[in-house]
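Trainee: no sequence on this one, just coordinates:
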């Protein structure tokens, strides 16, 4: 998953060291700007209609009346108006239509899913969240765009405004009514989607063979037969077979040898162990494993549970349900990433291998100095749900500069290093011994290490002070919660690509269901903005214009990032006018245009247009910041900082829109 | 103006809708098959038009509800949706989000199921571009299969478009059988029972099974091309597919897979007697292809094997024309031969009967004829003009036949060269011989012995007595060939073959073989021995200095120079560039 935004909520809110960079300062600045601009425009309009003196009084009156209107807003009346809004929405049958469409979409949704894809859960979740989002936004738009203009047109608004009701209550009542109704529907959709995804992905397999016993797996010797049926066999495999094919995939079932030393902790769960042997003081566990396929695996156990010790026995095997589809990993990302090139030079960008996508920087292989250093904070005992093991997870990119050995993956190594205390007199570094492993590209690779490690101590110059030392990860390496992870590529002149989010500590797992609802919270925020915007627009626009204006803002909100990418100063082809000229004169985007007055004029106008376009992206909400569907698709816990930022962004938009709507309604003759 | 009541309005609308639905149901009626007899209703006008232009599924049973729903759901914005999905797929590919990429394509193809470019582009994209993004060859293979699966899905929507089966054949053959990972891919393919099971409704599994060598991708490619051929020649459910590629390329596909199959087997397994039979099959099919009449852009059907016949016809027509104006051609030829130098032996060959010439002589004669024709293209015309008036009509007729035969020869020659027809004909012919099998065995043994560092000939010892093994025929100690001798034996066969079949030496086959000559160079270098004096491929080395240099092989001139300068034979370990040359 691509993660570029690592903002902390408090830093975002307060601006960290500089208050002016914070969201509060930005919000207050924009609010003040809008207030001044609004007053000025309001006064100008009033001058045209009533003359300068009366205009002054009218403007002041409206402004000062707003204070009691907002302060004396009655929750009881808001509630009453919200109930009316809900009733109205039901009367319009939009809700029933939306739920009907949702039901039909789910009934026939299976036609469009490809269960045999590499990660079907991502496709399933991606489509259901996208569908729910689309449906709820369209529904929110429809119910809230028609309400007020229809009332004004049919003059039924008089039945409300003639009562002691404030404009704030009319607006808030409608927003809360429509949003409340949409919230109930969205919650319903979330529950149904969760069940639908669960149902769609649940499956089980059997052992593919004449019996459901160990004899259906064939013995293998990876030393003499490293490739069986064209597939590589991991070195510790003793038996191999397959499950039956279900949903377009099958899994490889293996028996592996796991050697447990006398000092090692013995596994407590031995349901998947078919035999335990004692060899030279060590225990050899013959374990069953189901290799992951299509983003999941299955539990496997020996029927009856107990591990038979007889090598001749043929135990019956049980394969459980799918596991690994629904996860909510809690990652602790690095605070910084630094690349060291083969000549020792360090930079924040790694080597560029010519890939169009520059998200990852690359580390050269086989060069003694080349490495990627990830620095972490907050790696404390309390942060991990199981501190006896250190789970590192990574998504690495691989670039081969030459073919190399086709049937072997690129080798990488990783080790931990302590961050020396800057105040300490002697800046010693503690390093764990490196762990070498074969890389897996485009998938999450897990490396689980025991908390107790073997390593060495180095002085400031890199000289070894002591080696072969037993180290405790938390006490000796991650002191004060700070630790470095160093990644190296071990194959000469091959390259490994990483970004800051690509290697993280998996602190634990949380509830997938809770995470799913957190994902839907993002959709709820989007819906809230749409409803508020439509109600606000409907205070001064008619039905169809309200609907199209809101729709336009929604579309702009979804393509904000695209527009900003277009506005980058180094973008090819220039601004809108220059692009148009290039299009009709059939010139490519890089050819310099003929210099002259026309060229300068065109570029000058383009500059202003681009500025306007850029400004536009800041007055519409960036919906991509409220979209958390990727987190649930890829199985990552949505952290609270992200949610709080999204909530604050949405609420500030809503507050601004409500104030704007209030003044519109207040100054409209219908509501005067 | 009177206003209708809402009820009456509704009734009128419903009546109008129903009224419109009746003709619509007639013109949009899908085509159906009726009963066992297969009596066919070609459907309404719209169905016929769709069928004619291959726009969509015009028959019941072919309609994919998912695709139709998707098209319906996109309302009038189908093109907008398609563009958006294309952009999304491209973006997903750039950021390597393969699940999103696959999901976008899955939706895209449902929106544009009859636009063949979508299938072709994206299947190629998956099998060739996306697969190589993965470091693990097993994942690469999985993406190659995804590309193939996409095409198979496309085939269900486009059952009478042979390009789909052509692409399937091409990707199955070339991507699995020729990429860098071909050994691993072919091994995976051989054991990919799920994939084979998925093809059960298309082919009999035995049809692409190579016996002890298991399932073979080239034989499956053969089956796909065979399906293409059936589509065009026999049709699908009684309707023939329109041929959308050049006939020469289209009909070449199927026979070419036979030889690809055996070439791959030869590179992976020890030589076997059965390979000869496989080459025989390859030769037979290639020859049959050469006999097939192919449509050309000149509206002049030709066969690739028709070269000799056309050349003999041309000769005969010219002789007949010469009889009407005796001596005229000879006079012109004498003048031209003064301008273009033609060796005396070639002149003699030109006078001989075509059948009496060997392949090399035919090439020499053809080259001489081309030179003459280039020097003066009006000889036949001038001979015709010199014919007396009484035979003018006959001369005109012969002149026309000469022109046609001449064009045919040119066309056949160009087509033969386009697909390297003579080379493959001659190679398959040579490969099915016992000698070729022995040569392959020699090369195979040479490689094994090279790995075991047995470079020179040796006398094997009896493991029990530790004494030399005696050859019962000669009662002398038996001598086994080392790697160098094995290589030389293999090279000797191919050098001899190239003397009879000239196309062999002008091909990449010999270029590849020179890589093995590079191994000989390394071995003699390691032994400190001189370069073999009568190296069978020495002529070829001399003719291809670029490739020879790549493998450090000395030319005859260099060998001679070194020997003259140093009085010693060439040893690769000596740097002859720095030797004290005259």
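Mentor: Thanks, I have it. For clarity, every value in this text was computed on a predicted model and none was experimentally measured.

Trainee: hey, let's count contacts and neighbours off CA atoms from now on
Mentor: Noted.

Trainee: For chain B, which element, helix or strand, carries the lowest mean pLDDT?
Mentor: Using mean pLDDT, DSSP states H and E, the weakest-scoring helix or strand in chain B turns out to be strand B:32-34, at a mean of 51.

Trainee: Tell me what the nearest residue to residue A:503 once chain neighbours are set aside is bridged to.
Mentor: Once flanking residues are discounted, residue A:503 sits nearest to residue A:394: 4.4 Å by CA to CA, 6 or more residues apart in numbering or on different chains. For residue A:394, the beta-bridge partners under DSSP bridges are residue A:445, residue A:503.

Trainee: Could you report the distance from residue A:394 to residue A:364?
Mentor: 18 Å (CA to CA, to the nearest Å).

Trainee: out of the two, which sits in the more crowded spot?
Mentor: The neighbour count for residue A:394 versus residue A:364, taken as other CA atoms under 10 Å in any protein chain shown, is higher for residue A:364 (28 against 22).

Trainee: that's a strand at the more buried one, yeah?
Mentor: Yes. With DSSP: H, G, I helix; E, B strand; the rest coil as the criterion, residue A:364 is part of a strand.

Trainee: list the contacts for it?
Mentor: Neighbour list for residue A:364: A:341, A:342, A:351, A:370, A:371, A:488, A:489, A:492, A:493, A:494, A:495, A:496 [criterion: CA atoms under 8 Å, 6 or more residues apart in numbering or on different chains].

Trainee: how close does it sit to chain B?
Mentor: Distance from residue A:364 to chain B, counting by CA to the nearest CA, to the nearest Å: 16 Å.

Trainee: repeat for residue A:64
Mentor: Residue A:64 sits 50 Å away from chain B, going by CA to the nearest CA.

Trainee: where does the stretch 101-250 of chain B come near chain A, residue by residue?
Mentor: Residues of the stretch 101-250 of chain B found near chain A (CA under 8 Å from any CA of the partner chain) are B:102-103, B:106-107, B:134-138, B:181, B:184-185, B:187-191.

Trainee: Identify the bridge partners of the closest residue to residue A:289 other than its chain neighbours.
Mentor: Spatially, and ignoring its direct neighbours in sequence, residue A:289 is nearest to residue A:254 (5.3 Å; CA to CA, 6+ apart). Bridge pairing for residue A:254 (DSSP bridges) gives the partners residue A:240, residue A:289.

Trainee: and residue A:254, how many neighbours?
Mentor: Using other CA under 10 Å, the number of residues around residue A:254 comes to 26.

Trainee: which ones are touching it?
Mentor: A:217, A:237, A:238, A:239, A:240, A:241, A:288, A:289, A:290, A:291.

Trainee: What are the contacting residues of whichever strand or helix holds the third one?
Mentor: If I follow you right, that is residue A:238. Assigned by DSSP states H and E, residue A:238 belongs to strand A:237-242. The contact list for strand A:237-242, computed with CA under 8 Å, 6+ apart, reads A:207-208, A:216-222, A:250-257.

Trainee: at 10 Å instead, please
Mentor: A:205-209, A:214-223, A:228, A:233, A:250-258, A:286-291 (CA atoms under 10 Å, 6 or more residues apart in numbering or on different chains).

Trainee: what is the rounded mean pLDDT of the strand or helix carrying residue A:26?
Mentor: Per DSSP H and E, residue A:26 falls inside helix A:23-50. Mean pLDDT, helix A:23-50: 89.

Trainee: name the helices or strands packed onto it?
Mentor: With contacts taken as 3 or more CA pairs under 10 Å, 6 or more residues apart in numbering or on different chains; DSSP states H and E, helix A:23-50 sits against helix A:9-14, helix A:52-71, helix A:640-667.

Trainee: can you count the residues close to residue B:368?
Mentor: Around residue B:368 there are 20 residues (other CA under 10 Å).

Trainee: now residue B:555
Mentor: For residue B:555, the count of nearby residues is 19 (other CA under 10 Å).

Trainee: how close does it get to residue B:562?
Mentor: Distance, residue B:555 to residue B:562, by CA to CA: 11 Å.

Trainee: One more: residue B:240?
Mentor: Taking CA to CA, one finds residue B:240 at 67 Å from residue B:562.

Trainee: Of those two, give the one with the bigger neighbour count.
Mentor: Of the pair residue B:240 and residue B:562, residue B:562 is the one with more neighbours under other CA under 10 Å, namely 21 against 15.

Trainee: Let me know the secondary structure of the more buried one.
Mentor: For residue B:562, the assignment made with three-state DSSP gives helix.

Trainee: Before we move on, what's the pLDDT of it?
Mentor: If you check residue B:562, the pLDDT there is 78.

Trainee: ditto for residue B:451
Mentor: Confidence score, pLDDT, at residue B:451: 93.

Trainee: how many other residues sit next to it?
Mentor: Here the count is done by other CA under 10 Å, and residue B:451 has 11 residues near it.

Trainee: Just the buried ones out of the contacts of residue A:254, please.
Mentor: Taking 16 or more other CA atoms under 10 Å in any protein chain shown as the criterion, what is buried in the contacts of residue A:254 is A:217, A:237, A:238, A:239, A:240, A:241, A:288, A:289, A:290.

Trainee: which pair in those spans the largest distance?
Mentor: A:238 and A:290 (13.6 Å; CA to CA).

Trainee: Pull up the overlap in contacts between those two.
Mentor: The contact sets of residue A:238 and residue A:290 overlap at A:254, A:255 (CA under 10 Å, 6+ apart).

Trainee: now stretch A:231-243, how far from the chain's geometric center?
Mentor: 35 Å (CA atoms, centre = their mean, to the nearest Å).

Trainee: Averaged pLDDT, it. What do you get?
Mentor: Taken as a whole, stretch A:231-243 has an average pLDDT of 91.

Trainee: for stretch A:87-105, same thing?
Mentor: Here the average pLDDT along stretch A:87-105 is 82.

Trainee: in that stretch, what counts as buried?
Mentor: Residues of stretch A:87-105 classed as buried: A:88, A:89, A:94, A:95, A:98, A:99, A:102 (neighbour count, 16+ other CA under 10 Å).

Trainee: Give me the neighbour count for the spatially closest residue to residue B:442 that is not a sequence neighbour.
Mentor: Ranked by CA to CA, 6+ apart and with sequence neighbours excluded, the top spatial neighbour of residue B:442 is residue B:486, at 4.9 Å. Residue B:486: 26 surrounding residues under other CA under 10 Å.

Trainee: can you check the one 3 residues further on too?
Mentor: Residues lying near residue B:489 (other CA under 10 Å) number 22.

Trainee: Helix or strand for it, just tell me which one.
Mentor: Using DSSP H and E, the element containing residue B:489 is helix B:483-500.

Trainee: buried residues in the helix or strand just after that helix?
Mentor: As assigned by DSSP H and E, the chain's next helix or strand after helix B:483-500 is helix B:508-527. Neighbour-count burial for helix B:508-527, counted by 16+ other CA under 10 Å, picks out B:510-511, B:513-525.

Trainee: Packing partners of the host helix or strand of residue A:170?
Mentor: If you go by DSSP H and E, residue A:170 is part of helix A:167-201. Applying 3+ CA pairs under 10 Å, 6+ apart, we find helix A:167-201 packed against helix A:52-71, helix A:75-92, helix A:94-108, helix A:120-153, helix A:158-161, helix A:512-537, helix A:640-667.

Trainee: Kindly indicate which of the contacts of residue A:254 lies nearest residue B:228.
Mentor: Of all the contacts of residue A:254, residue A:241 has the smallest distance to residue B:228: 37.4 Å, by CA to CA.

Trainee: Please report how far the spatially closest residue to that closest one that is not a sequence neighbour lies from chain B.
Mentor: Once flanking residues are discounted, residue A:241 sits nearest to residue A:217: 4.4 Å by CA to CA, 6+ apart. Distance of residue A:217 to chain B, given as CA to the nearest CA: 16 Å.

Trainee: Angles on the backbone of residue A:217, please.
Mentor: Per-residue torsions, residue A:217: phi -100, psi 140 (degrees, to the nearest 10).
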